[in-house]
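*Asks:* 3D, please:
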Amino acid sequence: MLPLRKAWAIALLLAAAGPARPAAGAGEGPKAPATATAPTTAGATAAGRPAAEFGAINYAVLAAYLAALVAMGAHFSRREKSTDDYFLAGRRIPWWAAGLSIFGGGLSAITFMSFPEKAYRSDWTYILRNFSAVLIIPIVVAFYIPFYRRLRVTTAYEYLERRFNLAVRLFASLFFIFFQSARMAIVLYLPAVALATVTGIDVTVCIVAMGVLATAYTVMGGVEAVIWTDVLQVVVLTGGALLCVGMIVARVDGGLAGVVKVGMAEGKFHALTWTWDHTVPAVWVVLLGGLLGDFMPNTADQSVVQRYLTTRDERAARRAAWTGALLGIPTAVLFFFLGTALYAFYTTHPLDPPEGFKPIAILPLFVMRELPAGLSGLVVAGIFAAAMSSVDSSMNAIATAVTTDFYRRFRPAAAERRCLRFARLVTLVWGGVATLAAIGVAGIEGTAVLDLFLEVLFLAGGTLAGLFVLGIFTRRANGIGALAGAAASAGAVLVTRFGTDLQVFLHVAVGLGVCIGFGYLISLMTPPARDLTGLTIRTMPPKGHD
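*Replies:* Have a look, this model is predicted:
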């Protein structure tokens with residue numbers, strides 16, 4: 001799952017956390033489960049026993065893990081001699097590592113906590129979103145990857161200048177930077193709040209620790225450090241989830257069969273809502289929304305496109321794309337099952353939450369209270385690191401966009417060493433900005449922050465993806481039409497959000513459709529595009545230019 005996939009993860013969180021109505025997909029539409037609420041106990045209160053003591057052993061494990069990430073950044077810094085090394089790792093990343101990094105970029109700390117929380121509080125309705133993601137990959141490997149590889153671009157937005165004009169390139173790059181900046185603050189903030197609730201570590205301390213350390217190893221090691229730390233984090237997080245499932249199964253009456261029995265009895269495995277109602281997460285809404293939602297991360301998000309470009313050749317890039325998508329299916333099943341297992345566990349084990357507890361922290365709470373010291377510290381370290389892996393990808397991608405699309409574009413004679421220093425400075429600045437923004441966000445009502453962030457994500461998704469569809473799949477679209485389509489798309493998403501009750505999964509469809517349709521219409525009314533040799537599917541550069 002890729003960066004917009006985090007939007008779906010946050011959508012899960014937002015839908016599940018709403019206090020005034022059932023979580024999306026639970027009790028909405030026909031064939032919903034009879035119950036979709038978390039287990040309660042007579043003695044549990046909002047201010048139960050205090051958060052678990054983190055302890056010296058856990059602190060030692062957390063410190064060692066985070067120190068290892070920074071050490072990786074220092075190790076890879078010795079290879080960063082040019083911007084090609086810093087942004088593309090010298091194109092020496094193995095396909096499997098790039099694929100794990102693509103997958104890991106979507107396996108954020110929010111995903112790690114919100115998927116189990118969604119299943120714990122309601123059901124598996126949103127899991128279809130992860131299956132639909134695979135459907136977009138054939139298009140990505142057939143059309144998008146060949147363009148990026150054969151045109152030898154560093155950012156995806158370089159293609160937009162060649163296809164349309166400089167204005168479209170700068171618009172798309174700025175749009176991406178804005179989207180990533182907003183995402184970074186939320187990705188730091190939400191896990192910090194959950195971790196602070198159950199560990200007793202101050203929220204600001206959590207945010208600063210994640211922000212500073214992620215900035216440190218990304219400034220030093222560039223995208224190579226980002227990718228290899230992602231690989232480590234994937235192993236730790238999935239291993240932690242498996243460990244938690246194993247611990248729960250061992251303590252629930254009947255073991256695995258007992259968990260399944262409780263889940264079946266309570267409708268926790270409900271995943272298919274058969275209705276044509278567009279205001280609920282029906283099967284067609286989730287599948288279509290997931291399919292269209294993946295257009296942005298896989299085709300227009302610089303942090304993902306960059307992974308395609310770090311591999312040796314086009315074949316390796318295709319393998320990386322498939323790896324990132326396919327891993328999302330078993331992992332989604334694992335995390336949703338973990339949420340169901342947590343429900344079964346707390347049905348028989350009274351849940352006495354700490355003061356200020358919110359359901360998003362249900363998994364960290366279990367980790368802190370039920371796992372032995374050391375193991376709980378490692379899983380918490382993995383949650384820290386997962387948030388950092390999301391932020392480091394954004395920082396490096398923003399540095400790539402700012403340096404390539406702006407600094408180097410307008411100062412083509414700048415020396416390579418100067419450009420590398422500039423890229424590191426941008427990474428440092430944006431890491432600091434994201435950390436400060438996350439601290440600022442901590443004082444805002446959580447639901448309002450998520451609501452605003454979702455609108456930023458879905459606006460960016462449809463608009464950016466639409467620009468690339470216009471460029472690659474049409475010959476008549478031109479720069480004027482592309483800009484008009486992008487502006488109309490952004491406006492349409494905002495109108496849809498505030499003026500209709502359309503289910504959030506379909507907002508990307510609105511943005512994408514308006515960008516393509518209106519952009520193409522305006523293009524028909526204005527002068528045709530310039531020479532398109534090598535810039536559309538009908539004039540794709542021949543293989544061998546990679």
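*Asks:* Please, where are all the strands along the stretch 51-200 of the chain?
*Replies:* Ranges of strands within the stretch 51-200 of the chain: none, based on DSSP state E, counting those that start in this stretch.
*Asks:* what stretches of it score poorly on pLDDT?
*Replies:* Within the stretch 51-200 of the chain, the ranges that satisfy pLDDT under 70 run 51-53, 108-110.
*Asks:* Does Pro359 touch Tyr120 like I think?
*Replies:* Yes - look at Pro359 against Tyr120 with C-beta atoms under 8 Å: they come within range, at 7.0 Å. In this view, the C-beta of every residue, glycine as well, is placed from N, C-alpha and C.
*Asks:* Give the residue from those two that has the larger number of neighbours.
*Replies:* When neighbours are counted by other C-beta atoms under 10 Å, Tyr120 comes out ahead of the other of Pro359 and Tyr120, with 27 against 21.
*Asks:* Leaving out the residues flanking it, which one is nearest to that one?
*Replies:* Excluding its sequence neighbours, the residue lying closest to Tyr120 (C-beta to C-beta, 6 or more residues apart in numbering) is Gly339, at 4.2 Å.
*Asks:* Next one: that neighbour, what pLDDT does it get?
*Replies:* Looking at Gly339, its pLDDT reads 89.
*Asks:* That one touches Phe112, doesn't it?
*Replies:* No - applying C-beta under 8 Å as the test, Gly339 and Phe112 come out as separate, 11.1 Å apart.
*Asks:* Quick check: neighbours shared by the two?
*Replies:* Listed as contacting both Gly339 and Phe112 by C-beta atoms under 8 Å, 6 or more residues apart in numbering are Leu363.
*Asks:* ok, Glu370 to Leu363 distance?
*Replies:* As for Glu370, its distance to Leu363 is 11 Å (criterion: C-beta to C-beta, to the nearest Å).
*Asks:* count of residues packed around the closest residue to Ala529 other than its chain neighbours?
*Replies:* Once flanking residues are discounted, Ala529 sits nearest to Asn478: 4.3 Å by C-beta to C-beta, 6+ apart. When neighbours are counted by other C-beta under 10 Å, Asn478 registers 25.
*Asks:* how close does Val153 sit to Phe147?
*Replies:* Remark: distance between Val153 and Phe147 (C-beta to C-beta) = 8 Å.
*Asks:* So for the two, which residue has more residues nearby?
*Replies:* Set Val153 next to Phe147 and count neighbours by other C-beta under 10 Å: Phe147 wins out with 23 against 18.
*Asks:* ok, that one - contacts?
*Replies:* Residues counted as contacts of Phe147 (C-beta under 8 Å, 6+ apart) are 159, 472, 540-541.
*Asks:* Ala509 versus that one, what's the distance?
*Replies:* Distance of Phe147 to Ala509, given as C-beta to C-beta: 23 Å.
*Asks:* Can you tell me how far the spatially closest residue to Ala60 that is not a sequence neighbour is from Val262?
*Replies:* Spatially, and ignoring its direct neighbours in sequence, Ala60 is nearest to Gly377 (7.3 Å; C-beta to C-beta, 6+ apart). Using C-beta to C-beta, Gly377 is found at 29 Å from Val262.
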